[in-house]
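Enquirer: Mind folding the following:
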Amino acid sequence: MKAKIPAKLTVKREKLEAILFFVLVALSSFSIVCSASADSIVKYWAIIVDGGTKIGLYFRGDAAYTYHVLLDHYLFNDIYLLSNHLAYADNASNKATLNWALRNWLFQRSDSNDVVFIFYSNHGGGYKTKTNELAGGRYDNDTDEGSEHFIDSQWKGVDECIRFTQEDKSYWDDEIKEDLNYLASNGKYDKLIFTVFACFSGGFIDDLSGPNRIIMTSANETHTSKQGSVGRILDEWVARLIDALHGEESDFDPNTGEIVHYEPRRWVDADLNDDGHVSMWEAWKYAWDHDSWRIQGKETPWLDDDGDGYPTYKKLSNETTARDHCAPYDDGNLAKTVYFLKQGSGGCPTLFVWNGTSYIREGTLDIHAHSDIILQHRMMHDLSVFTYKLQLKEMDNFTSHIDHVRLYAVSESGQWRLCPLTYAYHSELGLTTVTVMFNDNKRVDLNPAETLDMCFLHSTGNPAYFVFEISGYNAKQP
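Expert: Sure thing, here's the model as predicted:
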């Protein structure tokens, strides 16, 4: 039961807040210069590619299913969908748009704390050992592939590619390697997951393997992936992988472009260690165990996450027998630690921005600790386009204890200007402006599902970006 505040004290508090408002208006004309702090929030970004033509229903279904699960079940900051045939796609699907998505869209958003998920489904090219011929691949000219195949009485390497069938163009492994290295060299991710359904896709591991990268492919380097599945408009390996993340089986309706749930529901439990999350390894393992084409010997998915360029099947120099394709050994250890946050999870407050009609998600603020910490978050959204109206919401079953909040406008020269807090309203406690204005150990508790609405004074000039600062803690351990 909450204690009632005497009426006189309430009146005095309201007067004090009114006085503070006018004081802060005056103060807002002064600049407060602070040292910049790196964004310590973990954000999640995805690029999903349907590379198929109008008749490529399975590829389209793969992209739609992946998009649905990430958008509706996980806390992704943004997802960029490329497709020529899904009405809700962000852009057409071709080589140029994928290159732009990697080098511009993602580059402008992600930073060194973030998790990036890249998914592709369509045809691929490489060397087919069953017929001993190139099957959409090309002979390697820069020797990075090594001596892979004995062709025309000599050892040769072969480059693999993903195909954009509608424009008849290939995106080569060397090109994607340059794109990912460009992101890495500029600190544009902490963990990157590259997932591809395509024939010969295992060959991408040679080129893309690197620190903090998880590469998952539907096929090995020299064989095809079998298209389709039994009873679903999805490719079997993709269906099983995304089922694991979804927590149930679903199907794709090509007439509407929507995902269809079965009745009765077909539930899936891929959380092997029962920690409440499905890691990339657990999703991979579930797909390996349930992929009917893999079980029948018609495709061999690969995984690499230790940066050595060798997938799960490779032998160590001192081993005499081949590995189990899904044995952990040196591969899988990183994938076991990487998972996406489900909607309604996190154990720390989530920040939202008012866009004029509704609140849109900015990101989850990681204040996991047992006492106050100060976190400075560089805003993803440009507040100069909107009003300076923000909201904190607790979306888990834990409580965030908030000491103070602040907003800074940062100029091109690096000068920080305080945008004073003028209003803070707690969904249960009412006005809390004074309580969260000062760093004084007087905290506002944000319990599950509660919100804190905040307004800040506009900054003069043309800020380059904004930084939201929060002091407090949430005792949940991630």
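Enquirer: Give me the helix or strand of the protein that scores worst on average pLDDT.
Expert: The weakest-scoring helix or strand in the chain, judged by mean pLDDT, DSSP states H and E, is helix 7-27 (a mean of 47).
Enquirer: Tell me which helix or strand comes right after that one.
Expert: Of the helices and strands lying after helix 7-27 in sequence (DSSP states H and E), the nearest is strand 44-50.
Enquirer: Pull up the pairing partners for that next one, direction included.
Expert: Partners of strand 44-50 in the sheet, by DSSP bridges, are strand 78-82 (parallel), strand 115-121 (parallel).
Enquirer: any chance of those in TSV, plus distance to E263, mean pLDDT and mean neighbour count?
Expert: Just so you know, the C-beta spots here come from the backbone N, C-alpha and C atoms, and that holds for glycine as well. Below are the strands paired with strand 44-50 laid out as TSV (distance: least, Cβ to Cβ, whole Å; pLDDT from 0 to 100; neighbours: other Cβ atoms under 10 Å):
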stretch	distance to E263	mean pLDDT	mean neighbour count
strand 78-82	27	95	21
strand 115-121	26	97	26
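Enquirer: so which of these comes closest to T435?
Expert: Nearest to T435, of all those, is strand 78-82, at 32.8 Å by Cβ to Cβ.
Enquirer: Was I right to think I47 contacts N104?
Expert: No. Contact criterion Cβ atoms under 8 Å: I47 and N104 do not qualify, at 11.4 Å.
Enquirer: Those two: who's more crowded?
Expert: Taking neighbours as other Cβ atoms under 10 Å, I47 and N104 compare with I47 leading, 22 against 10.
Enquirer: Could you measure from the more buried one over to Q415?
Expert: According to Cβ to Cβ, to the nearest Å, I47 stands 35 Å off from Q415.
Enquirer: same question, R266
Expert: Taken as Cβ to Cβ, the span from R266 to Q415 is 57 Å.
Enquirer: for P211, what are its contacts?
Expert: Residues in contact with P211, defined by Cβ atoms under 8 Å, 6 or more residues apart in numbering, are A184, G307.
Enquirer: can I assume it sits in a helix?
Expert: No. According to DSSP: H, G, I helix; E, B strand; the rest coil, P211 belongs to no helix; its state is coil.
Enquirer: quick one: it and W281, what's the gap?
Expert: In terms of Cβ to Cβ, P211 sits 17 Å off from W281.
Enquirer: go on, K188?
Expert: Plainly put, K188 is 24 Å away from W281 if you go by Cβ to Cβ.
Enquirer: Comparing those two, which shows the higher neighbour count?
Expert: The residue with more neighbours, out of K188 and W281, is W281; 26 against 22, by other Cβ under 10 Å.
Enquirer: doesn't K336 make contact with the more buried one?
Expert: Yes. Assessed by Cβ under 8 Å, W281 is found in contact with K336 at 4.3 Å.
Enquirer: which one of the strands paired with strand 44-50 lies closest to H381?
Expert: Nearest of the strands paired with strand 44-50 (Cβ to Cβ): strand 78-82, 10.4 Å.
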